[in-house]
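Enquirer: with the input below, show me the fold.
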Amino acid sequence: MDSGDDRLTSSDPNRINDAQVDERDQEKSDGIALPSHVAGSSALDRLVDTARDYARAAASDNTLKAYAKDWAHFARWCRTKGAEAMPPSSEMIGLYLADLASGSGLSPALSVSTIDRRLSGLAWNYAQRGFTLDRKNRHIATVLAGIKRKHARPPVQKEAILAEDILAMVATLPFDLRGLRDRAILLIGFAGGMRRSEIVSLDVHKDDTLDSGGWINVLDDGLLITLRGKTGWREVEIGRGSSDHTCPVHALEQWLHFGRIDFGPIFVGTARDGKKSLDSRLNDKHVARLIKRCVINAGIRSELSEKERLTLFSGHSLRAGLASSAEVDERYVQKQLGHASAEMTRRYQRRRDRFRVNLTKAAGL
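Expert: As a prediction, the model looks like this:
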């Protein structure tokens, strides 16, 4: 493999321009167009635009951004090798995968899961351009199988934030406006088993904003969230807690009241002086930063270095925490998390059922 590859690095002066060009190409090649034998008209052109909007909505914004980066990276790699990205070449893609796995130049070798994701991104991008990428072609399939056999490692799971952890974390937050908001984010995210993108996508009412991912209903018994997740629409029930100090519903009510949030996004930014809420929806990265900051401030897993703790915990730690802490039938946890299978739910239940059933003794040993 050419050691001068030169997969995209932060020092590459052409990185932004190449990515921008490829993203524009993708927008133009979304696969939605009038048949060549049909004459265009203003009405048909509007329908094409509408169909393109629906096609883009088939995947989340984060997924589309990742796919765009995958294509930009591959197109740049092809140019450095004197090859063309289109039409798809199984031989070149096989070499590309090998390069990703082996690492070259300043670029480190990528994990098997990242390489698999890159390949999915290429398949999606080719489909938008009217091509089919045959992942079963021997030049791709055998190389990928060899990469998995040689480099595959057990999945690295984020540490679960358990009930006692979440209590310690919210205790580090002040009771100013920003603290009320962040307390509601942590408690709602934990009790609802929600992804960080789902938390910040919530609106007060249905159809408040175009980018809404769901809305809430505050009831006497708790909170009913109608949520658009990765597997479709689902309802998430969050009951009231045993005390106002730890109750996620009460925390949300406090934030809505003092933040004067009665329309649009629920979780928004605050002014620099912390005295009023703003209109702009929070980014999902705020949730990840909040979790990491509170983990450090609460002294969770203090036997580890700060760097190790920052690596261990992320937004998914809230979902894993609920799955690991809730001592209820597994099917209720599966429903709350919106998983399509019980097997996926079990992956989130860090240590909850470990050694509960001793098959050694049950077998008579």
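Enquirer: could you point out the longest helix of this structure?
Expert: Counting residues, the longest helix found in the chain (DSSP state H) is helix 61-80.
Enquirer: tell me the helix or strand right after that one.
Expert: Next along the chain after helix 61-80, taking DSSP states H and E as the criterion, comes helix 90-102.
Enquirer: CA atoms of the helix or strand containing R228 as CSV?
Expert: Secondary structure assignment for R228, by DSSP H and E: strand 222-229. What follows is strand 222-229, C-alpha atoms only, in CSV (Å, rounded to 0.1, in the frame of the first residue of the first chain):
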residue,chain,number,x,y,z
GLY,A,222,-45.9,11.6,35.7
LEU,A,223,-44.6,12.6,32.3
LEU,A,224,-45.7,11.1,29.0
ILE,A,225,-43.2,11.7,26.2
THR,A,226,-44.1,11.0,22.5
LEU,A,227,-40.7,10.5,20.9
ARG,A,228,-39.4,9.9,17.4
GLY,A,229,-36.5,7.5,17.9
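Enquirer: parallel or antiparallel, which strands does that strand pair with?
Expert: The pairing partners recorded for strand 222-229 under DSSP bridges are strand 214-218 (antiparallel), strand 232-239 (antiparallel).
Enquirer: give the rounded mean pLDDT of that strand.
Expert: The average of the pLDDT scores along strand 222-229 is 89.
Enquirer: and that strand, what's buried?
Expert: Residues of strand 222-229 classed as buried: G222, L223, I225, L227, R228, G229 (neighbour count, 16 or more other Cβ atoms under 10 Å). Every residue, glycine included, has its C-beta placed from N, CA and C.
Enquirer: could you work out the most separated pair of the residues you listed?
Expert: Pairwise distances across the buried residues of strand 222-229 peak at 20.2 Å for G222 and R228 (criterion: Cβ to Cβ).
Enquirer: related to what we said a few turns ago, for the longest helix of the chain, name the packing helices and strands.
Expert: The contact analysis (3 or more Cβ pairs under 8 Å, 6 or more residues apart in numbering; DSSP states H and E) places helix 61-80 against helix 15-28, helix 90-102, helix 112-128.
Enquirer: switch the cut-off to 6 Å
Expert: helix 15-28, helix 112-128 (3 or more Cβ pairs under 6 Å, 6 or more residues apart in numbering; DSSP states H and E).
Enquirer: comparing the ones you listed, which yields the minimum mean pLDDT?
Expert: helix 15-28 (a mean of 45).
Enquirer: could you identify the helix or strand that succeeds it?
Expert: Toward the C-terminus, helix 15-28 is succeeded by helix 42-56 as the next helix or strand (DSSP H and E).
Enquirer: got the angle between that following helix and helix 112-128?
Expert: Calculated by axes from the mean of the first three to the mean of the last three Cα atoms, to 10 degrees, helix 42-56 forms an angle of 170 degrees with helix 112-128.
Enquirer: can you give me the buried ones in helix 42-56?
Expert: So for helix 42-56, nothing qualifies as buried (16+ other Cβ under 10 Å).
Enquirer: now do stretch 70-85
Expert: Residues of stretch 70-85 classed as buried: D70, W71, A72, H73, F74, A75, R76, W77, C78, K81, A85 (neighbour count, 16+ other Cβ under 10 Å).
Enquirer: in CSV: those, plus distance to G274 and pLDDT.
Expert: Output for those, formatted as CSV (distance: Cβ to Cβ, whole Å; pLDDT from 0 to 100):
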residue, distance to G274, pLDDT
D70, 40, 93
W71, 42, 95
A72, 39, 94
H73, 41, 94
F74, 45, 95
A75, 45, 94
R76, 43, 93
W77, 47, 93
C78, 50, 94
K81, 53, 91
A85, 49, 92
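Enquirer: most widely separated two among those?
Expert: Farthest pair in the buried residues of stretch 70-85 (Cβ to Cβ) is D70 and K81. Separation: 16.8 Å.
Enquirer: now find how far off-centre stretch 261-274 is within its chain.
Expert: 23 Å (Cα atoms, centre = their mean, to the nearest Å).
Enquirer: which parts of it are buried?
Expert: Under 16+ other Cβ under 10 Å, the buried positions of stretch 261-274 are I261, P265, I266, F267, V268, G269, T270.
Enquirer: what is the nearest of those to R117?
Expert: The closest of these, once distances to R117 are taken by Cβ to Cβ, is F267, at 28.0 Å.
Enquirer: show me what contacts that closest one?
Expert: Neighbouring residues of F267 by Cβ atoms under 6 Å, 6 or more residues apart in numbering: V200, L282.
Enquirer: ok, R301 next?
Expert: R309 are the contacts of R301 under Cβ under 6 Å, 6+ apart.
Enquirer: adjust the sequence numbering to begin at 28 for everything that follows.
Expert: Sure thing, new numbering starts at 28, so read that last one as R328.
Enquirer: surely it is in a helix?
Expert: No - judged by DSSP: H, G, I helix; E, B strand; the rest coil, R328 forms no part of a helix; its state is coil.
Enquirer: what about it, distance to E264?
Expert: 30 Å (Cβ to Cβ, to the nearest Å).
Enquirer: repeat for A60
Expert: Following Cβ to Cβ, the distance that separates A60 from E264 is 44 Å.
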